[in-house]
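Peer 1: below is the structure, and that's it, no one-letter string:
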């Protein structure tokens, strides 16, 4: 009987692993197809020329702006944890921040950032407290993106010539460009509302408590429900950090505008002012949360090319298209390259997790 149960569990695990591998491979294939279509659309020659003529001094400034963003992210996370009575090291928290960002760079919907609590475990930060802080911060992030997305739409309506919108075509009688923008804003607002409810609404947490403790789901919840009370308390303390979260989130948004502005100058894109990058960034990067590819890779790049070309007189020259495509690729590549700082922390946290599991699996000596 025990052997049959073990065989069944192993078979179930193999099927689950097989489905996960198939899903990952499918996402990689879709991503490769999107990038291939993008390269075909802009032309490899124009892309190569744009990269060849890049101004390195502005590229360095873009790197520094992104570094500043991660510094502020780290300060923000430490403030939230401090409100919950947890003291952390700035250097080690910065490494955990980079590790979380790198994980989000390669996961569908950028969902990997919620693993940041794992990277904080070497500082003995309770998971319930770090997860509450992360979700609270992400709630404000999503709300900021909603505001930015609305601002971006207003900006585009004001500066884009009416005839340029025609290249998008229509969907159900609505201009496709406006439809996509509205859909993106609606998705961000939905995400922000759900995160806010789960993080700060006692009614929502209580509802989740009842569902997860039902006889049908309780056995799947594992140790999660044992920490729910801790999570409720941490979520309450996270609310006290909202002013600091909002202030630092806005500062990061400003720096992100400079990061994109410097990247545009590095590629000779001088027609878009800083305010344009500042407003367009939240709307475009929302496409990174589309879960059909890792971190929306390809989808976001096509969004940049499509939206940026609206800001130029038609027909757009080959040189400009190549520069925009180079911008789209570097906007992601710059992040991944700098986020590699988090690799040692990922390796360290993974080894700690594996070691702790092996230790817990050892039979007790009687």
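Peer 2: Alright, I've got the coordinates. Here the structure is a predicted model, which means the values were calculated and not measured.
Peer 1: from now on I want contacts and neighbour counts done on CA atoms only, so please keep to that.
Peer 2: Noted.
Peer 1: so, low pLDDT: which residues of the stretch 101-250 of the chain?
Peer 2: Low-confidence segments of the stretch 101-250 of the chain, defined by pLDDT under 70, span residues 109, 165-185, 187-188, 191-192, 194-237.
Peer 1: give me that answer again for 80
Peer 2: Counting by pLDDT under 80, the ranges of the stretch 101-250 of the chain that qualify are 107-112, 114, 128, 132, 135-136, 142, 161-240.
Peer 1: all strands for the chain, in order.
Peer 2: When secondary structure is read from DSSP state E, the chain shows strands at 170-171, 174-175.
Peer 1: so how far is residue 136 from the nearest residue to residue 87 once chain neighbours are set aside?
Peer 2: Ranked by CA to CA, 6 or more residues apart in numbering and with sequence neighbours excluded, the top spatial neighbour of residue 87 is residue 81, at 7.0 Å. In this structure, residue 81 lies at 11 Å from residue 136, with CA to CA, to the nearest Å as the measure.
Peer 1: now the common contact residues for those two.
Peer 2: Between them, residue 81 and residue 136 share the neighbouring residues residue 238, with contact defined by CA atoms under 8 Å, 6 or more residues apart in numbering.
Peer 1: residue contacts, the residue nearest to residue 82 when sequence neighbours are not counted?
Peer 2: Leaving aside its chain neighbours, residue 82 sits nearest to residue 88 (7.9 Å; criterion: CA to CA, 6+ apart). For residue 88, the set of contacting residues under the criterion of CA under 8 Å, 6+ apart consists of 78, 81, 82, 123.
Peer 1: buried subset of those?
Peer 2: Taking 16 or more other CA atoms under 10 Å as the criterion, what is buried in those is 78, 81.
Peer 1: in helices only, show me the contacts of residue 88.
Peer 2: Under the assignment DSSP state H, those contribute 78, 81, 82 to helices.
Peer 1: make CSV out of those residues and add pLDDT and distance to residue 27.
Peer 2: Conversion of the ones in helices among the contacts of residue 88 to CSV gives the following (pLDDT from 0 to 100; distance: CA to CA, whole Å):
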residue, pLDDT, distance to residue 27
78, 94, 34
81, 90, 35
82, 90, 39
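Peer 1: any chance of the residues you listed in a markdown table, plus distance to residue 265?
Peer 2: Shown next, in a markdown table, are the ones in helices among the contacts of residue 88 (distance: CA to CA, whole Å):
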| residue | distance to residue 265 |
| --- | --- |
| 78 | 33 |
| 81 | 38 |
| 82 | 39 |
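Peer 1: and those, which is closest to residue 250?
Peer 2: The shortest separation between residue 250 and any of the ones in helices among the contacts of residue 88 is 16.9 Å, and it belongs to residue 78 (by CA to CA).
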